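**Student:** need a 3D model of the sequence below.
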Amino acid sequence: MKNFLVKTIANAGALAVAVWLLDKITLTGDSTGKEIATLIIVALLFGLVNFLVKPVVKLLSLPLLILTLGLFTLVVNALMLLLTSWLADKLDLSFHVDGFWTAVVGGLIISVVSWALHVILPDGD
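**Tutor:** Below you'll find the predicted structure:
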């Protein structure tokens, strides 16, 4: 349970940094509390998408991953961020990623910040 909580906090922090750095990734709310709640829900949704969908996409794109020496992972991460944005829209959450290239840069930012936070934050092991 502690590991799940740490990963959710890391995802929320990474998403917050991406929202802060990129103008085309938006998170809106009436108050700071609502923005934080939306950010945590989107982080949970992003974690769920990465847990359920990402392994299937990586398996199906394995030849491209091998051919590009792993650089296709940037595209897979962008697609996961776009899927999270689409699901957030369907769930009436105020999180939106505008465009594929914004998702590529956002996915890169989220990957780097999430990795850094996982190094800093304690895990359940």
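**Student:** hang on, residue 78 packs against residue 110?
**Tutor:** No. Contact criterion CB atoms under 8 Å: residue 78 and residue 110 do not qualify, at 10.0 Å. C-beta coordinates here come from the backbone N, C-alpha and C atoms, glycine included.
**Student:** which one's more surrounded, these two?
**Tutor:** residue 110 (26 against 21; other CB atoms under 10 Å).
**Student:** tell me which strands and helices the helix or strand hosting that one is in contact with?
**Tutor:** In this assignment (DSSP states H and E), residue 110 forms part of helix 100-120. Packed against helix 100-120 by the contact rule (3 or more CB pairs under 8 Å, 6 or more residues apart in numbering; DSSP states H and E) you find helix 2-21, helix 72-90.
**Student:** tell me the mean pLDDT over the next helix or strand after the first one?
**Tutor:** Read that as helix 2-21. Remark: after helix 2-21, the chain's next helix or strand is strand 25-27, criterion DSSP H and E. Strand 25-27 shows a mean pLDDT of 94.
**Student:** in the helix or strand just after strand 25-27, what's buried?
**Tutor:** Elements were assigned by DSSP H and E; along the chain past strand 25-27, the next helix or strand is helix 32-52. Going by neighbour count (16 or more other CB atoms under 10 Å), the buried part of helix 32-52 is 35, 38, 39, 42, 43, 45, 46, 47, 49, 50.
**Student:** can you list the low-confidence ranges for the chain?
**Tutor:** 1, 123-125 (pLDDT under 70).
**Student:** thought residue 24 was touching residue 98?
**Tutor:** Yes. The pair residue 24 / residue 98 is scored as a contact, 3.9 Å apart, by CB under 8 Å.
**Student:** nearest to residue 19, of the buried residues of helix 32-52?
**Tutor:** Nearest to residue 19, judged by CB to CB, of the buried residues of helix 32-52 is residue 39 at 7.8 Å.
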